[in-house]
Every structure is written in structure tokens, then in C-alpha cells.
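# Could you look at this predicted model? Sequence included:
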Amino acid sequence: MSSLPYALVVEPNTRRGGIYVHACREEGLDPAIAVSNTEAQAMLRARGLPEMVIVELTMASVNGYQLLAGLRQQHPERRVPAVVVSAFGALRDSAWTMREALSIEVVLDTQVPEAGVRLALRRALGRAAAPLPEPDNRPDPHRERVRLARLRETGLIDATTASEALDRLVQTVASAFDVEAALCSILTHDREVVLAHTGLTGSLARERGTARASSIGRHVIEAIGREALVIDDARQHPTFASNPLVREGTVRGFAGVPLAAAEGTTLGALCLLDSKALALSLDGIDELHHLARRVSGELEVFVARRPRLPGDADQAYALHHVHAVLQHLDQPVALWGPDGRVRLVNAALCAMLSTSQERLLGLDRGSFAGVLARLCADSALAHVMSRLGSEPAVAHEETVLLGPPERAMRWSTKPIPLPDGDGQLDAWRDVSAERELERVAITDPLTGLANRRGGEDAMRREVARCKRNGQPMTLLLLDIDHFKAVNDKHGHAIGDRVLRAMARIVSRQLRASDLAVRWGGEEFLAILPGTDLATGRQVAERIRKAVVDTVIDPVGVVSVSIGSAQLDKGFDALAALAMADARLYEAKSNGRNTVR
């Protein structure tokens, strides 16, 4: 553990958490990151009061107001400065009004770059003399004009009823989260309009919406980015307790994510509502985002089926023009008729599939999928494509086309109105460069291990798999003892050599199904799916012994301290991480070079 004063960073978002961690280190603070209030409390018990706190105001498993209020109540003798963050203007406004009561020094938008975060930290620590201005949290007027114009283009403003498919999808959302009500809504200049819902009561149900000023969903739509708003208990929330929908009992627990058009404009929101308090995990937010994409797709189908091309002569000309345009695109595309058969393929698609137009024209979905399956590394895309019927659909999938060279391709299909009914337009896009960037983004360049972001993604997958299969899972958190002294004596280049050696040692002691992660600084995490605590500690002891048996030139022998924890019956990875961290701290406090 570092001898620097520590900053408690409570941030579930991996990308932003990384920015805050780096900014803390640049300002001479040792960042301790937590992704929930529970984990933050465990960190506070293990390490005591921090030098400062950086915390999200409201997100899955995080309630910044509650955390800061608890700190003030438990430690009235010491004021711990706080930097609070939120994507939602109303929350930033309420935090600003409560800054004295909660020791809030700075209120930040989630879009602030790292330079702005560092300025905020210096301001909170009293190192920057110039005070930050009061935040302006009004929606961007230009962005709102563009959003409303796009909403008018879709015709959704004039829609009085939604499709049955959209109604069924909203019912699926409510069932998936076991909540009393769910809704899909859009936001006009003066109202939130409910397009589809299930289980609604009160004024929202009677009026199929509410005034914009009373809407909770509007905060999701007005926010910049694709942020989820999660309110565990609106009755106790400083921003929403006075909302009319909360006071009448319609809303207590709330979660909402944006619904975006194909080009990215936020048109509406998919919301969960309950008269009871609502608990939503990070995995739950991911699932809600996934369902929101399905709802957005259904809205696109709904919009696409409304317009029709004009008279016969114009139809023939328009269709001829569409064919000419598609043929000259560099992007591979295919046009399907209402009968579910290929009506047009362009030269780019034929080149991608190494075949001719004559071979593809007239094929149905199943036959086309068979051609594609022989060229793909797996059958996922062919399976999705073969299941599409003749009804309009929005779908997408990724696959790897076998080379040389291999290419990662993203396929998408959307409905398109044709003179004789609804067709489909398929498009492929080469995303190889994007996937390589993503691989780099989750890999630690020094050690070649997964970095924290990659480790968190892998941990979510393994937790879900172990939970599904009823298997145990153990986490090991390792810290190199006296690593700061290595850097101070030998320099950072030798320190990097020690980190690379540590990565090799840890990896060699793990099975192929395990994962080693560079968790941050001199800390490593080992994820052991299908492993109970007793076996996990045996692995930890093997790692500890392998480390002290290795001589690293010119440092000599180093050692590690290891904290271990098994996920409980609820498969709460955050609680297990907090326990492993607390046991690591215990190992450090009891002589180091040991397993706890």
C-alpha cells in the first residue's frame, strides 16, 4: 500500500473511474476506487478517513448524497472535501445547494476532461486559489432544437398509439426487472408523452404523460451521453422528493435510460417505476441498456412503416434511383423484398463474399445465411439471419470473416418502404480497427495482462457464468511489498521490470480458465472461477512462494501480500472485492509476505 494520503473514488463507470484515478495520482494522492456505497464503506472501515472523496451522485449501487451525509454524521470533527459528479443537471443543482452541509467543494459534469478534473481536485484540496464558477446546468438550447426537429421528422409526436410489438416489449422489460410499471416515452417542448406502458397508475396513466416540468424521465433525455438515471428511493432523494409523481405515490423507485435514433439523437426514454424502493446493479443497467436498444429498434420499425412512396411513375423512378445509389456504394449492402428474398446486392457485397450477383439474387434468408456461414469464424450471424421472417425487423450482429485477411464485420438490417410493401436493407461495416482499439483499451501495455477495465468486464462475465452454473468463485488481490522503495532506489525502469516479472509469475500459477489482471499501480487481481476460498488460498500461497523464489536483477527478491475472498451466495463481486482489499490491508499490517 502507498504511503501517500488516499482519495476515495466512488465511480461505477470504468472509463471515468480511470480518469479520476489518474488525476489523483498526478496530484500526489493514492486513489482507492469503489464502485458502490457498500464497497466504499468497507474501504472507509479498512483505511479510515480519506484526504478527499470523489463520488457519483446517483448511479447503480451508488448514492453520493447518502455517502457524504454519513461521513459528516460519523465524523463531525473533520471535514473531508468532496468532488461530486453527475450527468444530470438537476442533481448537480441540488448538490450545489447542499455543498455546505455535505462538504462539497466542486460539482462536475461527467463530460469534464482530465485537465478539468485535476483543477477540481486542486480546488477541493485548497491548492487552487481561483474558485470554480457556479455550474450552469440548463439543457443546451442548440442540442434541444436539433432533438425536437428530429423528433418531428419521425412523426412520433403525432402518434396516438404505438404498435402491439412495442407494448409487448415494454411488458417484457417490466417482467425482466420485476417492477410494477415500465414505460417508453418521448419528450416534446412541453410534455413527456407515453407511447407504450404497462402497470402505470395515477396521473401518468390517466393523461398518458405529464408536463415536462414534472417529468422524471426528462432528466434522462436532457443529459449529455447515454447515462442511466437510477433513483433507489425518490421519497428520500433531495432532488426528487418534492416531485408531484413522487408525492402522489406513482413513483418511488425509478430507473431510466435514453432511447436513441439510428444517428444518435436521443428521442425518448425507457423507464422502470415502482411504488417500492428499487435496487439495480451494474449488470441490471447493462441489461436495461440492451432492452432500450431493442425498444429503439421497434420505434424505427414503427416509424419506417408510416410513410409510403408517391404515385406509380414516381415509385419506379425512385426505386431505380435507389438501386443505382446502392450499386455505387463502397459499403456492402443487400436489399430484400417484402417476400423475404434478395432483390439487390451491390458489387461491394459480392466482393466481400467472393461470389456473383447471380448467385445471390432471389435467395431467401436461410439460403443466404448458408452462403455466409461458410465464410464466418462462427455461426452466430447466420443463425440470427436465418431466423428473420418477412415481418420488418431491426437487428445487428458481429462476426469475423475468415481471411486472408481476417476482418471483423458488423451487420445490421432495418426496414425500408418499397412500392409493394416493407423490405429490408442490410449493410455490413468493417470494424476491425475499432475492435483492435478496444483490445488495446482493455490491455495493460506494460505487462500484457488485462487492465482494470478489461478485468471488470471479464469479472462480470465470469460472475454471471458461475451464478448460472452454481459454481463458486474466488478473487485474490495482490500487492507488491515495498514497491515504492524499489522505484525510489532503482528508478521506474527497474520498477517496470519488477511489474513485468510479477505478471509472468502470477500468470504461470493460474489455470487457462483463470485470469490475471493488473488492477492498478503495483496491485494485481486474480479471478478464479469455479474455485472455493480454501482452494483459492492454496493458489495464493503458490503465487506468494513463487514470487519469493524468484530473483529479479538488480533488485533481488521481492514479496507480495495477498487478500482473498469468495463471492457469497448473492454473487456480489463488489462485496468480495471489498473483502479481499480489507484482507490485503490486514496482510500488509501484519508483516507483509503473507496470505489472508
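Perfect, thanks for sending it.

# residue ranges with poor pLDDT in the stretch 51-200 of the chain?
128-137, 159-162 (pLDDT under 70).

# do the same with the stretch 401-550 of the chain
Looking at the stretch 401-550 of the chain by pLDDT under 70, you get an empty list.

# Strands of that one, start to end?
407-418, 421-430, 473-480, 515-520, 523-529 (DSSP state E, counting those that start in this stretch).

# Quick check: end-to-end length of stretch 216-235?
End-to-end distance for stretch 216-235, by C-alpha to C-alpha, to the nearest Å: 13 Å.

# Hmm, I typed the wrong one, I wanted stretch 59-70.
17 Å.

# Pull the residues that contact that stretch.
Residues from elsewhere that reach stretch 59-70 (C-beta atoms under 8 Å, 6 or more residues apart in numbering): 10-13, 35-38, 40-41, 53, 55-58, 82, 84-86, 95, 98, 101-104, 228, 230, 232, 237-238, 279-282, 284-285, 574. (Each C-beta comes from the backbone N, C-alpha and C, glycine too.)

# Apply 6 Å and report the result again.
Stretch 59-70 is contacted by residues 10, 12, 36-37, 40, 55-57, 82, 84, 102, 230, 238, 280-282, 285 when judged by C-beta atoms under 6 Å, 6 or more residues apart in numbering.

# Out of the strands of the stretch 401-550 of the chain, which is closest to Gly563?
Of all the strands of the stretch 401-550 of the chain, strand 473-480 sits nearest to Gly563, with 4.6 Å by C-beta to C-beta.

# Which neighbours in the sheet does that closest one have, and how are they oriented?
Applying DSSP bridges, strand 473-480 is found paired with strand 523-529 (antiparallel), strand 560-566 (antiparallel).

# will you turn those into JSON lines that also has distance to Glu586 and mean neighbour count?
As requested, these are exported to JSON lines (distance: least, C-beta to C-beta, whole Å; neighbours: other C-beta atoms under 10 Å):
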{"stretch": "strand 523-529", "distance to Glu586": "15", "mean neighbour count": "24"}
{"stretch": "strand 560-566", "distance to Glu586": "7", "mean neighbour count": "25"}
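
# and of these, who's closest to Leu388?
Closest approach to Leu388 among the strands paired with strand 473-480 (C-beta to C-beta): strand 523-529, 34.7 Å.

# Now that closest one - C-alpha only, PDB.
Extracted C-alpha coordinates of strand 523-529, given in PDB (Å, rounded to 0.1, in the frame of the first residue of the first chain):
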ATOM      1  CA  GLU A 523      -1.700  -4.200  -7.400                       C
ATOM      2  CA  PHE A 524      -2.800  -7.400  -9.300                       C
ATOM      3  CA  LEU A 525      -6.100  -9.300  -9.300                       C
ATOM      4  CA  ALA A 526      -6.500 -13.000  -9.900                       C
ATOM      5  CA  ILE A 527     -10.100 -14.100 -10.900                       C
ATOM      6  CA  LEU A 528     -10.600 -17.800 -10.100                       C
ATOM      7  CA  PRO A 529     -14.000 -19.100 -11.500                       C
END
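
# List the contacts of that strand.
Here strand 523-529 has contacts from 455, 459, 462, 466, 473-474, 476-479, 506, 514-519, 536, using C-beta under 6 Å, 6+ apart.
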